[in-house]
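[1] mind looking at a prediction? Sequence and model below.
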Amino acid sequence: MKIKAFGVEEWMNEYEEEAVYNLGETCAKSITVKELLDYQGRGKEALEEIYQMQMTYGAIKGTDKLRREVAGLYRTGEISNVVIAHGGIGANHLVFSALIDPGDEVISVMPTYQQHYSIPEALGAEVKILPLTMENGFLPDLEELEKMASNRTKLIAINNPNNPSGALMDKSFLEKIAAIAKKYDAYILSDEVYRGLNHQGEAFGASIFDLYDKGISTGSMSKVFSLAGLRIGWIMASTEVVKEINIHRDYNTISCGRIDDFLAGIALEQKDKILKRNRRMILENAGILEEWVKSEPRVSYIKPMAGTTAFIKYDYQIKSEDLALRLLRDTGTFVVPGKALDQEGYLRIGYANDTEAVKEGLKKISEYFRILEEEGK
Ligand SMILES: Cc1ncc(COP(=O)(O)O)c(C=O)c1O
């Protein structure tokens, strides 16, 4: 199967290690195993359990405990609706490989995580792109979606909260998308790996799984729970879809690792503490970012409502990749160029890392903008 290179992942693989001020990171600053076990307060027992753990494949589908904790993140749903996968990336991949055949029509928003348009395309689907624009607050234009959808539409892929913009679709917005999908009996895949860090109100927003019988949600330990190193993600779907997905899962997963499953179970048990820590950090850093945007006349954005990233539009005559590379090489500040997300003229800023790195990185970007102004760009 031929597939287009994954822009963001290629960029991260190539350059992230050079970062001094990492504004490319999308995970709320990752925690250590010690921090996790300290939240739980029974570190010695947990470590003893790991010491004694026999390294079999463990529970093939994931332990009941982990699947129960995952199901608990949704209003509806039970263990039988949960598929444990290799990160959110494995979860999304499984959904597409189980449901999409050559000739199917798939609608995907853009910008989004590239999996959602490049995998169905590689599987031989006809992919239609629904652009998310700054003018629309990076929310889908529902009239346009209505025009695009047809009886041939097999799946509509959305990303809520959105990477890179931090835009958030609320319950009533999702219900409108579900009504369009229902008309054509289409699935909705909602990549919800950033769900759980709404900046205001309830930390967890509405999930498509709870709102639509053909709604499929994917989630992960990586971003809002600060545990990317566990490589645990999941799918929430109807039992019929779970059955289809498990046929594919048997070919590429077996199980997701006993230690990872065990620690993810502890983390979800302790989720309130982790989310409290992350929300505090994110709100502080989002405030710093907002002040910075206000102070830069040639920069604009839509204030993120959730998640860990913002999409910054700049008004300088320089390609995003050149700008990002110069920022990295000359100042040590690492950002993701819009080009890597198929959107020229933007930079993606991840603001959920160290507060000092965010402050210093933004200061360096400002200094660099002054140089661009001197160059007449
Ligand atoms: C929207 C989105 N989905 C999925 C992933 C995959 O993350 P993971 O496999 O660590 O859960 C990412 C990572 O950047 C993402 O931004």
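    Happy to help now that I have it. Numbers count the residues shown, from 1 in each chain.
[2] surely residue 108 is within a helix?
    No. The assignment for residue 108 (DSSP: H, G, I helix; E, B strand; the rest coil) gives strand, which keeps it out of a helix.
[3] I'd say it and residue 115 touch.
    No. Contact criterion Cβ atoms under 8 Å: residue 108 and residue 115 do not qualify, at 9.3 Å. Bear in mind the C-beta positions are built from the backbone N, C-alpha and C, glycine included.
[4] now residue 164: how far from residue 315?
    Residue 164 sits 18 Å away from residue 315, going by Cβ to Cβ, to the nearest Å.
[5] who has more neighbours, the two?
    Using other Cβ atoms under 10 Å, the more surrounded residue of residue 164 and residue 315 is residue 164, with 30 against 12.
[6] OK, contacts around the more buried one?
    111, 309-311, 336, 341, 346, 348 (Cβ atoms under 8 Å, 6 or more residues apart in numbering).
[7] swap in 6 Å and give it another go.
    Residues near residue 164 by Cβ atoms under 6 Å, 6 or more residues apart in numbering: 111, 309, 311, 341, 348.
[8] what do you get for residue 110?
    129, 131.
[9] CA atoms only for stretch 338-350, dumped as CSV, please.
    Taking C-alpha atoms only, stretch 338-350 is exported to CSV below (Å, rounded to 0.1, in the frame of the first residue of the first chain):
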residue,chain,number,x,y,z
GLY,A,338,1.8,25.1,8.7
LYS,A,339,3.2,23.4,5.6
ALA,A,340,3.6,20.1,7.6
LEU,A,341,-0.2,20.3,8.1
ASP,A,342,-0.9,21.3,4.5
GLN,A,343,-1.6,24.9,5.6
GLU,A,344,0.9,27.6,4.5
GLY,A,345,1.2,30.8,6.4
TYR,A,346,0.8,29.4,9.9
LEU,A,347,2.8,28.0,12.8
ARG,A,348,1.5,25.5,15.2
ILE,A,349,2.4,26.3,18.8
GLY,A,350,2.2,23.7,21.5
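[10] which residues touch it?
    Contact with stretch 338-350 is made by 7-8, 11, 23-26, 111, 164, 308-313, 320-321, 335-336, as judged by Cβ under 6 Å, 6+ apart.
[11] contacts for the helix or strand hosting residue 364?
    In the assignment (DSSP states H and E), residue 364 maps to helix 355-374. Helix 355-374 is contacted from outside by 21-23, 284-285, 288, 292, 316, 327, 331, 333, 351, using Cβ under 6 Å, 6+ apart.
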